[in-house]
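In: Need a 3D model of the following:
(one chain, ligands or ions: 1)
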Amino acid sequence: MKWSEFSIHTTQEAVEPVCNILHEAGASGVVIEDPQELVKEREDHFGEIYQLSPTDYPEDGVIVKAYLQVSSFLGETVEGIKEAINGLLEFGIDVGHNIVKISEVNEEEWATAWKKYYKPVKISKYITITPTWEEYIPKSEDECIIELDPGMAFGTGTHPTTVLCIQAIEKKIKAKDQVIDVGTGTGVLSIAAAKLGAEQVLALDLDEVAVQSATLNVNLNKVDDIISVKQNNLLEQVTGEVDLIVANILAEVILRFVGDACSLLKMGGTFITSGIISAKKDEVQNALLENGFIIEETLEMEDWVAFIAKKINN
Ligand SMILES: C[S@@+](CC[C@H](N)C(=O)[O-])C[C@H]1O[C@@H](n2cnc3c(N)ncnc32)[C@H](O)[C@@H]1O
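Out: Predicted structure coming up:
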């Protein structure tokens, strides 16, 4: 089987929408080459990534690589991808160099190409994420291991927006909490919540591939008695009352459901929002304040912001 490798030189800000465009175009597996990974040193030295080589990363910007099966429709798919990426400019998203390169790879290369980027990573005080193919022995008794098969959904766990969410969940979650994870991707945040004591977690994603990926990872981590994975648009038709809602989605999307999040939370409940590029920080903060929340804490990593907000009004 022949595969075509797409390499898109873009910006940190555009990584997530570019990945979404590639997934929608049918890409099998996405690799993100972000030079920040090489120098990343997080608070308390969490999150160091082992065995990375600078030659695998661009000097500036981020390279997103995706793999599509070679077929007679490839030409149209390429045009569709380019058009959709250019369309991001209309949403004020900086796409940087926006250089798209296409080359052919054989199946063997493809199968190993993206695995070399994923190594066990200590994300927070208690959580370490390890890809399914790595053997990892916990360093202490209280270290919680999340095994992940990143597959085609977003969420290897090492993206700054995900790391901020996991650190925020760890700070706020209480035993027996009821949790909703909006935009679950690989299910990583839901699994973290379950491993940190949640009684029930509802993991939602609009993307069918994400729903499959999250279901696989939930089973892999043996938390299927705690987490239900469902295909859903944001919080539409979701009922009940929960203690904590977490959402790692773009700022533009968060703005669409701040009111619904408030309605579903118990008084005093926590709304963790991440995926917010620094330029959109004030917009999201204002929306939270206008919809019954106070900001308890603002977390920042690289160009990304996450809020821990508390419901104080209906
Ligand atoms: C940045 S990823 C976050 C994945 C994972 N939660 C993490 O933290 O790594 C955002 C996810 O939101 C999902 N998403 C985007 N729009 C959505 C919508 N309207 N309703 C539900 N999920 C959505 C995407 O499919 C994607 O899986």
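In: all helices in this protein, in order from the N-terminus.
Out: For the chain, the helices defined by DSSP state H cover 15-24, 36-39, 74-87, 107-113, 160-172, 188-195, 208-220, 251-254, 258-264, 281-290.
In: got CSV for those helices, with distance to the ligand, mean pLDDT and mean neighbour count too?
Out: All C-beta spots, glycine's among them, are computed from the backbone N, C-alpha and C. Below are the helices of the chain laid out as CSV (distance: least, CB to the nearest ligand atom, whole Å; pLDDT from 0 to 100; neighbours: other CB atoms under 10 Å):
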stretch, distance to the ligand, mean pLDDT, mean neighbour count
helix 15-24, 5, 89, 20
helix 36-39, 15, 64, 13
helix 74-87, 15, 85, 14
helix 107-113, 21, 59, 12
helix 160-172, 4, 94, 24
helix 188-195, 5, 97, 29
helix 208-220, 4, 92, 20
helix 251-254, 5, 92, 18
helix 258-264, 11, 98, 19
helix 281-290, 14, 97, 16
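In: Can I get the ones you listed in a markdown table including distance to A309?
Out: Putting those into a markdown table (distance: least, CB to CB, whole Å) gives the following:
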| stretch | distance to A309 |
| --- | --- |
| helix 15-24 | 21 |
| helix 36-39 | 26 |
| helix 74-87 | 31 |
| helix 107-113 | 39 |
| helix 160-172 | 10 |
| helix 188-195 | 16 |
| helix 208-220 | 24 |
| helix 251-254 | 11 |
| helix 258-264 | 9 |
| helix 281-290 | 5 |
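In: Of those, which is nearest G275?
Out: Nearest to G275 among the helices of the chain is helix 160-172; the distance by CB to CB comes to 4.6 Å.
In: which residues touch that closest one?
Out: The contact list for helix 160-172 (CB atoms under 8 Å, 6 or more residues apart in numbering) reads 16, 36, 42, 46-47, 123-127, 155-157, 188-189, 192-193, 196, 244, 246, 248, 270, 272, 274-276, 297, 299-302, 304-306, 308.
In: before we move on, the earlier item: looking at the helices of the chain, which is nearest to I146?
Out: Of all those, helix 188-195 sits nearest to I146, with 5.1 Å by CB to CB.
In: and the closest one, what does it pack onto?
Out: Judged by 3 or more CB pairs under 8 Å, 6 or more residues apart in numbering; DSSP states H and E, the packing partners of helix 188-195 are strand 127-131, strand 144-148, helix 160-172, strand 178-182, strand 200-205, helix 208-220, strand 227-231, strand 242-248.
In: got the angle between that helix and helix 160-172?
Out: If you take axes from the mean of the first three to the mean of the last three CA atoms, to 10 degrees, helix 188-195 sits at 20 degrees to helix 160-172.
In: Identify the residues contacting helix 188-195?
Out: Contacts of helix 188-195 (CB under 8 Å, 6+ apart): 127, 129, 144, 146, 148, 155-157, 162, 165-166, 169-170, 173, 177, 179, 181, 184, 201, 203, 214, 217-218, 221, 223, 226-227, 229, 244, 246, 248.
In: now it, how far from the chain's geometric center?
Out: Put simply, helix 188-195 sits 13 Å off its chain's centre (CA atoms, centre = their mean, to the nearest Å).
In: Start and end of stretch 68-82, how far apart?
Out: 14 Å (CA to CA, to the nearest Å).
In: One more: stretch 257-270?
Out: Using CA to CA, first and last residues of stretch 257-270 are 15 Å apart.
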